[in-house]
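> please find the sequence and the predicted model below.
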Amino acid sequence: MTELLQLVIGGLANGCIYGLVALGFVLIYKASEGVNFAQGDMMMLGAFIALGLGNSEQLGLPFAIAVPLAVVIMFGVGWGVERVIVRQLFGQPQFALVILTIALGFVFRFVAGSIWGYTPLVLETPFAGMNMRAGGIVISVADLIAIGVTLVLTVALWAFFAFTQIGLAAQAASQNQMAAYIVGVPVMRVNSLIWGLSGAVATVGGVLYATRGAIDPNIGLLGIKAFAAAVIGGLGSLPGALLGGLIIGIIEPVAGRYAPGEFAKMSPYIIMLLVLVTRPGGLFSQIQMKKV
Amino acid sequence: MRVVFKTSYDSDIDLHEHGADRLRTALLLGLMAVLPFLVGDYYLAEATNTLIWALAGMGLMIAVGHTGQVSLGHAAFLAIGAYTDAALMNAGLPFYLALPAAGLAAGLFGALIAIPAVRMSGIYLAIATLAVFVIVEELVIMLEPITGGVGGIMAPSITLFGVSFDRYAALTNFYWLVLGIVALVTWGYANLMRSPTGRSFLAVRDSEVSARALGINVTRTRALAFGLSSGVTGLAGALMGHFIGFFNYELFSVIISINLLLVVTIGGLGSIQGAFLGAILITGMPQLIAILRDGVNANFGIDLGGIPGLDTMVFSMILIGFIIFEPAGLYGRWRKIRVWLETFPLARRDMFRRHKTYLKTERMK
């Protein structure tokens, strides 16, 4: 029983990181109904920038300064990518963006690989190796921080879309670009902002990931799993993304413990296929019947 | 500009618009047939590889280019084709039975997963295919008795009616075999696209609602297109297995899926020629990069070989360039040049203006 509980708590923290990357997908999907397949690589890049700023043998800034700075830099990267590249595709089919962002992901991976190399690196954190004990269960502080930060960020983003003017404008832009433009929503600028925001969220996810283990330029592939999380929750729903992330995060270690090894790897995708077949819009579906 | 005088209604759907067109195709085929006498073994092997990639590209083109179904998991069908073919031949079946069986297995599997998947559209289908790819990859590792698991499997050499078609011992024969299969599939594909079935693919791609209004069974059409697509890709997978000789699951990585997508996008979506142009680019580019790299190293003393992942980087940049500046791909660019030449000096800038669509969704939140 304690073993299962231990697995679930580790899974929760893992799931929060999946959830954060999934939030990045959802943000962009909510604003432009596009899918950014480079989200996982943005997370990787964010983690590496924080590492480059904070680690003692690199720039050596204090952790509390390095991380916010990395978030700001990645906001700029996200903004810039939209402004310079993605905007060129305005008015093109969705499919173009999928291929473009896959290619962008490779570019990010190459950039990180040529700056920081392909050997795994460890981010130095003030709370590395700190643990808490409750009953027979050991909880690392990094896990607790991951869970806490994710919850706060999800609520903040949900409030951003539900209550602020820009958030509402972003939703309008995704539901009907032309109409939103006509009523005065600066569609292009809103898109840039959302891309910047998703870059920032990805960085937070990346830093949390890095606090729990070593990172190398290929951790961006985690994006595929996070993507499954976003789909399970229903693309376009922020709480759904978090829930999807948690489901995957918990199922994975539990399946890995009680089922053959390959099942653990397959489990996120099997769940995703099941959800897609039974509820094509995801658990928090936002799609209505198509009207002609 | 050539004016074609049509004397029957049938000539509207002829495979070749006029005699010169037919002659060009015959010349190309003839040139490809005598290629083994013109080039050495190394380039012949490269040409074979290109043909196999073109076959796989044609497979994906049916789904992406002609039916509008994006697939990020076509490497899965390559794998199914390759493993079915190798396993059947290892069990003693001759090649002429194993190859169609490989295509059939991949096609049936494709159609099977397409039936639930076609209910989803656009991005969801792409995701579902990605999931299927991961599952197939893990299944390959799990089904060790058939697939050899992580260790891999040997594709036996091909012998047909006493003639060896081994990839190393009789490369010329193997090349002709591949060329024959590719030519047959291309011919079938071109004919499919002028049949009612092929036209219904296009209708579904361009507007699902109108296609349904015209009495097309959208779900069946999509499943059929996806099945055909994966079947052709399965054939390519079987040939790829024979070409590589010894392979394991790593041959069919997600990178291969993406490269296939590159083939059809860079080549030109919605044209058979595009699959060939894309395949030439994707198989020729690593060679070109290697030659350039050696040149840079020899002339400037800069060793680019020390930078890992440079090839992928160059590919990605080319892809980004195409998506932004020429979404119609190489074939689309060639058509523009041809029209410009044919109508000289009457071509206008807006003749090929891109049609823009603005996003409208059914989401309520």
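The structure has been received and is ready for your questions. Numbers count the residues shown, from 1 in each chain, chains lettered A, B, ... in the order given.
> got a list of what residue 86 touches?
Using chain A here. Counting by Cβ atoms under 8 Å, 6 or more residues apart in numbering or on different chains, A:Val86 makes contact with A:34, A:97, A:100, A:191, A:195. Backbone N, C-alpha and C define where each C-beta goes, glycine included.
> hmm, no, I was thinking of chain B.
So B:Ala86 contacts B:153-156, B:238, B:241 (Cβ under 8 Å, 6+ apart).
> look up phi and psi at the residue of the stretch 51-200 of chain A found nearest chain B.
At 3.3 Å from chain B, A:Gly91 is the closest residue in the stretch 51-200 of chain A, using Cβ to the nearest Cβ. Backbone geometry at A:Gly91, expressed as degrees, to the nearest 10, gives phi 90, psi 0.
> correct me if wrong: B:Ser164 contacts B:Asn173.
Yes: applying Cβ atoms under 8 Å as the test, B:Ser164 and B:Asn173 come out as touching, 6.6 Å apart.
> the residue of the stretch 51-200 of chain A closest to chain B: neighbouring residues, count only.
Applying other Cβ atoms under 10 Å in any protein chain shown, we find 13 other residues in the vicinity of A:Gly91.
> same check on A:Asn55?
A:Asn55, neighbours per other Cβ under 10 Å, totals 17.
> once you drop chain neighbours, what's closest to it?
A:Glu124 (5.2 Å; Cβ to Cβ, 6 or more residues apart in numbering or on different chains).
> and the contacts of B:Ala86, which are buried?
When the contacts of B:Ala86 are checked for burial by 16 or more other Cβ atoms under 10 Å in any protein chain shown, the buried set is B:153, B:155-156, B:238, B:241.
> so where's the longest helix in the chain?
Using chain A here. Of all segments of type helix in chain A, defined using DSSP state H, the longest is helix A:2-32.
> looking at chain B here, not the other one
Longest helix in chain B, counting by DSSP H: helix B:272-300.
> on that earlier part again, now, which of the contacts of B:Ala86 lie within helices?
Using DSSP H, those in helices are B:238, B:241.
> turn the contacts of B:Ala86 into TSV, columns for pLDDT.
Putting the contacts of B:Ala86 into TSV (pLDDT from 0 to 100) gives the following:
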residue	pLDDT
B:Ile153	79
B:Met154	77
B:Ala155	75
B:Pro156	78
B:Ala238	90
B:Gly241	87
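> please identify the buried residues of the helix or strand hosting B:Ile80?
Here B:Ile80 sits within helix B:74-90, counting by DSSP states H and E. Residues B:74-89 are the ones in helix B:74-90 that count as buried (16+ other Cβ under 10 Å).
> which residues does B:Leu330 contact?
B:266-268, B:274, B:277-278, B:281.
> so where does it fall, helix or strand?
Using DSSP H and E, B:Leu330 falls in helix B:329-342.
> gap between that helix and the chain center?
21 Å (Cα atoms, centre = their mean, to the nearest Å).
> then stretch B:29-38?
On Cα atoms, centre = their mean, the centre of stretch B:29-38 falls 22 Å from that of its chain.
> flag every buried residue along it.
Those would be B:32, B:35-36, for stretch B:29-38 by 16+ other Cβ under 10 Å.
> let's have these in a markdown table, adding distance to chain A.
Putting the buried residues of stretch B:29-38 into a markdown table (distance: Cβ to the nearest Cβ, whole Å) gives the following:
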| residue | distance to chain A |
| --- | --- |
| B:Met32 | 30 |
| B:Leu35 | 32 |
| B:Pro36 | 36 |
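> so which of those sit within helices?
B:32, B:35-36.
> show me the strands in chain A, by range?
A:131-134, A:137-140 (DSSP state E).
> what sits against the most centrally placed residue in chain B?
Compute the mean C-alpha point of chain B, and by Cα atoms, centre = their mean the closest residue is B:Gly57, 0.5 Å away. Contacts for B:Gly57 (Cβ under 8 Å, 6+ apart) come out as B:260, B:263-264, B:267, B:274-276, B:278-279.
> so it sits in a helix?
Yes: under the criterion used here (DSSP: H, G, I helix; E, B strand; the rest coil), B:Gly57 sits inside a helix.
> excluding its backbone neighbours, what's nearest it?
B:Ala275 (3.5 Å).
> which bits of the stretch 1-150 of chain A sit near chain B?
When proximity is defined as Cβ under 8 Å from any Cβ of the partner chain, the stretch 1-150 of chain A approaches chain B at A:32-33, A:35, A:85, A:88-96, A:98-100, A:102-104, A:106-107, A:109-110, A:113-114, A:118.
> the residue nearest to B:Gly57 and B:Val264 touch, don't they?
Yes: here B:Ala275 reaches B:Val264: they are 6.3 Å apart, a contact under Cβ under 8 Å.
> what do those two both touch?
Residues touching both B:Ala275 and B:Val264 (Cβ under 8 Å, 6+ apart): B:57, B:60-61, B:65.
> and the strands of chain A as JSON lines, adding mean neighbour count and mean pLDDT?
Shown next, in JSON lines, are the strands of chain A (neighbours: other Cβ atoms under 10 Å in any protein chain shown; pLDDT from 0 to 100):
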{"stretch": "strand A:131-134", "mean neighbour count": "10", "mean pLDDT": "74"}
{"stretch": "strand A:137-140", "mean neighbour count": "16", "mean pLDDT": "78"}
